[in-house]
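K.L.:
Only the shape, not the letters, is given here:
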């Protein structure tokens, strides 16, 4: 059974640019959630995807958007990057909207 | 929305002692409460969880208690070992008409002194 994988591991962007982060869910999991974790803070829920549709969203602006593909992998897109978007972005997968989530190692994004 | 508070922010214990981390939540619609351990450079790892219809759950040296009336839940680690040193997060899952929403505490940095 493969765990949750994310790519890339690290990324540097400049303010105003756009970024796409990728996540492959754990085998047998069809629900994916994305989180932003600033340094020294707890993860902040961005949104969850189930059956290729958004299934819950946290308090993030529309420039944070996502996709889920038929193979349950997912993308997080962030437009018009701001300095405060610098953080560790975590992906977590679970079985059919089940509460038990398993996290990937994260993508560390630095916005300059 | 939900607000999850976690205390203490840092905790140091001697090897073999117990460690207790406490969290409170505000929204009675929250019904699932996981605890995660995060080591440096890694994603959070689920260590134990509890649903709102259960008051206590134990897994070897780790236990979680939930008081729905008071809206608080706690993590108990007994016989601590140096490898327990990490940052621990509590969380609450709230189910809304628009889907699931998850809220995390701010974390507790646990240091187990050999």
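P.N.:
On my side now, so go ahead. Because the structure is predicted, anything quoted here is derived from the model rather than measured.
K.L.:
Does anything pack onto the helix or strand bottoming out on mean pLDDT in chain B? Which helices or strands?
P.N.:
Sorting the helices and strands of chain B by mean pLDDT, DSSP states H and E puts strand B:99-104 at the bottom, at a mean of 85. Contacts defined by 3 or more Cβ pairs under 8 Å, 6 or more residues apart in numbering or on different chains; DSSP states H and E place strand B:99-104 against strand A:31-37, strand A:44-50, strand A:53-57, strand B:86-96. Where C-beta positions appear, they are placed from N, C-alpha and C, glycine not excepted.
K.L.:
Please list the outside residues in contact with that strand.
P.N.:
Strand B:99-104 is contacted from outside by A:33, A:35, A:42-45, A:48, A:50, A:54-58, A:97, A:99, A:101, B:1-4, B:25, B:30, B:89-95, using Cβ atoms under 8 Å, 6 or more residues apart in numbering or on different chains.
K.L.:
what's downstream of that strand, the next helix or strand?
P.N.:
strand B:108-113 (DSSP states H and E).
K.L.:
Any buried residues in that next one, and which?
P.N.:
For strand B:108-113, the buried set under the neighbour-count rule, 16 or more other Cβ atoms under 10 Å in any protein chain shown, comprises B:108, B:110, B:112.
K.L.:
tell me the angle of the least confident helix or strand of chain B relative to strand B:86-96?
P.N.:
150 degrees (axes from the mean of the first three to the mean of the last three Cα atoms, to 10 degrees).
K.L.:
circling back to that earlier point, dump the buried residues of strand B:108-113 to TSV, plus pLDDT.
P.N.:
Putting those into TSV (pLDDT from 0 to 100) gives the following:
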residue	pLDDT
B:108	98
B:110	98
B:112	97
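K.L.:
got the residue ranges for the strands in the chain?
P.N.:
Went with chain A since none was named. Ranges of strands in chain A, per DSSP state E, are A:5-7, A:10-13, A:19-24, A:31-37, A:44-50, A:53-57, A:64-68, A:74-78, A:87-94, A:102-103, A:107-111.
K.L.:
nope, chain B
P.N.:
Here chain B has its strands, by DSSP E, at B:5-7, B:10-14, B:19-24, B:30-38, B:45-51, B:56-59, B:62-67, B:72-77, B:86-96, B:99-104, B:108-113.
K.L.:
Quick one: closest of the ones you listed to residue A:69.
P.N.:
Nearest of the strands of chain B to residue A:69, taken as Cβ to Cβ: strand B:99-104 at 18.6 Å.
K.L.:
which one of the strands of chain B has the lowest average pLDDT?
P.N.:
Of all those, the minimum mean pLDDT falls on strand B:99-104 (a mean of 85).
K.L.:
For chain A, which residues are neighbours of chain B?
P.N.:
A:4, A:33, A:35, A:40-45, A:48, A:50, A:54-59, A:90, A:92, A:97, A:99-106 (Cβ under 8 Å from any Cβ of the partner chain).
K.L.:
Kindly give the local confidence score, pLDDT, for the residue positioned nearest the centre of chain A.
P.N.:
Geometric centre of chain A, nearest residue: residue A:34, 3.3 Å, by Cα atoms, centre = their mean. Per-residue confidence for residue A:34 comes out at a pLDDT of 97.
K.L.:
what pairs with it across the strands?
P.N.:
Beta-bridge partners recorded for residue A:34 (DSSP bridges): residue A:47, residue A:91.
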